Every structure is written in structure tokens, then in C-alpha cells.
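A.B. asks: Task: produce atomic coordinates for the following.
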Amino acid sequence: MKRIINTTILYILFVLVQISFYGCNNMTKSTATQSENKHASNSIDLSNMIMLGDTTFAGYQVSLWTPDSLTNKFESLYLRLEDGKGNPINDQEVNYEITMDMGMMSHGGPYDALVNKGNGIFQADMVFIMANMKDMGRGWLFKTLLKGKDKTDTLTFALPVQQATIPRTIATGTTTDDRVFVSCLIPNEVESGKHNIEFALHKMDKETFTNLDGYTIAVEPFMPAMKHGSPENKDAESKGNGRYSGLVNFTMSGDWVIKVKLLKNGETVSQDSLVYPIKIK
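C.D. replies: Predicted coordinates for the structure are as follows:
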């Protein structure tokens, strides 16, 4: 617990220093192309999700959904558009932005372009680099941008982003790209055996968060209580757009950690300890 608290304090201090240094009193923007929505055929079921908010605007019913409570890590949210009769709307040009409102200043975070999942549902992937802070502004905001004929309307949803008890997004210095946010996308609990493991890498560069490719992410599952690791793991390789995929093998149930290093040309370039705890059932 002490380690988690210390890590949280370091995150907050780092973000505040970055904001102060770059003068980010305006929203930090992502490099994702929001106007070119991608399309996917697999449908999304919202029936077991949590609705973060809904509103009616200009004949549209707009709602925002999350699979689980939000914490400071990589998250996927789902935006639904319907007409006044509850019919899905798929042809509306819609984009979004995320902003961390801290009162006296604001900043953004990494986020990807919307993905059209069909049935009026759009997926939004983002990384919350810190949790909301009590008595400091409105916290994280999801700004839905609906483009009309002559103007673009903005609908804002407040996001209840809490502090993660198990770290999944960790910032590290590097010898190549300064500060990098490393998000591990594996769940907090999985069954024993082999599992695909994915990461998202982002760099804060003045007023943008850029996806980072060209690294190799070395993964080492380790069980502290038994003082052993596991065989047949595969380092995570770049898939493009800041995403990486590898393989981890958990040979027995219990508490494990995944030790991570960022590599370029076979050399370690990450400067901080990257450790992701995980429960194996």
C-alpha cells in the first residue's frame, strides 16, 4: 500500500510539473484523427455496463457507458446515439475529447479515434494518466462533439476516475523519448496458464500525446512468494498505433508480478522500475 501511495504522489507531481513547464492551461490534445471514424462489425452489449450519463439534445439521445468503475489506467468507454424513438443513429459525424479540469489549469490525456461498433454505439479508448483530485476542479471530462451543418455542438460528461489500487499505467523516463506512459492492458485477475498480454505506449510532448512504436517490451512474470518465474514467455512487439502484444505464462495460482522493461535495439532504455501485480486463480 505504501508503494502504491508513493507511486500516486509521483504521478501527480510529474503531471503538475509537466503542465507547469509547458504552460498547458489549455486542453492538451491527442494526435488521433477524430474526424475519420473507423468501423467494426462486432456488436457491443451495453446491458451489463454502467451508464455514466445521458442527455437529450437537438433530437438526439446521447449516453455514455463503461464496463466497470473508472480508474487511472487504459479504459474503453462506449458512446450511444439514438433518435427520439430509440432508434440507433450511425451516420452522425461524432468525435470526442478528454480533459482533466484541475480548476486553475487543465490538461488532456492519450485517446484514440472513435470506432463505430454499429447499432449507434461508438467505442472510445483512452488513458487516464491520473485520478480525479478532491477539491481540484471538475476532474476528467468527456466532451462529445456533434457536427451539424453550420456548427459543432459539445456535450460534456463528468467521469468519476478513481485511484487504481493495482497499477496498470506507469510513467517512466527513457533515454530515447523522455517520459513515457506504459499501460498494461491485462486484467487484475486471470486463470493460470498462458495469456496474451497487450500494452499501450504514449509520450507527452508539449500539447500532444503521441502513440509510440518501435520498442520491444520485455516481460518477466515472477512469483515473489515462491521466488520463481516461468518459461515460454514472449516479449511484446509493436503492432502499430502505440500497441504491443506478447505472451505471459503463469504456472500456478497465487500472487504474481509482471516485470517490464522497454528495449530498443536490444538495449534497456526505461529508467524506472515497471512492475504490474496480478492475481492468478
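
A.B. asks: so where's the chain uncertain?
C.D. replies: Within the chain, the stretches with pLDDT under 70 are 1-42.

A.B. asks: how much space is there between the nearest residue to residue 143 once chain neighbours are set aside and residue 155?
C.D. replies: The shortest distance from residue 143 to any non-neighbouring residue, by C-beta to C-beta, 6 or more residues apart in numbering, is to residue 97 (4.6 Å). No exception for glycine: its C-beta is placed from N, CA and C like everyone else's. Applying C-beta to C-beta, to the nearest Å, the value for residue 97 to residue 155 is 11 Å.

A.B. asks: Are there residues contacting both of those two? Which ones?
C.D. replies: The overlap between the contact sets of residue 97 and residue 155 (C-beta atoms under 8 Å, 6 or more residues apart in numbering) consists of residue 143.

A.B. asks: rewinding a little: pretty sure the residue nearest to residue 143 belongs to a strand, no?
C.D. replies: Yes. According to DSSP: H, G, I helix; E, B strand; the rest coil, residue 97 belongs to a strand.

A.B. asks: What is the end-to-end distance of stretch 52-71?
C.D. replies: 14 Å (C-alpha to C-alpha, to the nearest Å).

A.B. asks: Quick check: buried residues in it?
C.D. replies: Buried positions in stretch 52-71, judged by neighbour count with 16 or more other C-beta atoms under 10 Å: 52, 60-66, 70-71.

A.B. asks: follow-up on the earlier one: am I right that the residue nearest to residue 143 is in contact with residue 109?
C.D. replies: No. In this structure, residue 97 is not within contact of residue 109 by C-beta atoms under 8 Å, at 9.9 Å.

A.B. asks: Can you pick out the residue with more neighbours from the two?
C.D. replies: residue 109 (25 against 21; other C-beta atoms under 10 Å).

A.B. asks: That one and residue 175, how far apart?
C.D. replies: From residue 109 to residue 175 the distance is 24 Å (C-beta to C-beta).

A.B. asks: circling back: could you identify the most distant pair in the buried residues of stretch 52-71?
C.D. replies: The distance between the two most remote of the buried residues of stretch 52-71 (C-beta to C-beta) is 29.4 Å, for 60 and 71.

A.B. asks: Now tell me what touches stretch 46-61 from outside.
C.D. replies: Outside stretch 46-61, the residues within contact range by C-beta under 8 Å, 6+ apart are 62-69, 77-78, 80-84, 86, 89, 92, 121, 142, 146, 148, 153, 155, 157-160.

A.B. asks: Among the residues you listed, which ones are in strands?
C.D. replies: The strands, defined by DSSP state E, take in 62-66, 77-78, 80-82, 121, 142, 146, 153, 155, 157-159 from those.

A.B. asks: is the residue nearest to residue 243 when sequence neighbours are not counted in a bridge, and if so with what?
C.D. replies: Excluding the flanking residues, the one nearest residue 243 by C-beta to C-beta, 6+ apart is residue 200, at 5.8 Å. When assigned by DSSP bridges, residue 200 has beta-bridge partners residue 183, residue 243.

A.B. asks: ok, now how distant is residue 200 from residue 65?
C.D. replies: 21 Å.

A.B. asks: Likewise for residue 247?
C.D. replies: Residue 247 is 31 Å from residue 65, where distance means C-beta to C-beta.

A.B. asks: for the stretch 1-150 of the chain, what spans make up the strands?
C.D. replies: Applying DSSP state E, counting those that start in this stretch to the stretch 1-150 of the chain gives strands spanning 29-30, 38-39, 50-57, 60-66, 70-71, 74-82, 94-101, 106-107, 115-118, 121-127, 139-147.

A.B. asks: wait, which of the ones you listed is closest to residue 195?
C.D. replies: Closest approach to residue 195 among those (C-beta to C-beta): strand 74-82, 16.4 Å.

A.B. asks: what's the closest one packed up against?
C.D. replies: strand 60-66, strand 94-101, strand 121-127 (3 or more C-beta pairs under 8 Å, 6 or more residues apart in numbering; DSSP states H and E).

A.B. asks: Just put those in CSV and tack on distance to residue 280.
C.D. replies: Output for the helices and strands packed on strand 74-82, formatted as CSV (distance: least, C-beta to C-beta, whole Å):
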stretch, distance to residue 280
strand 60-66, 26
strand 94-101, 32
strand 121-127, 25
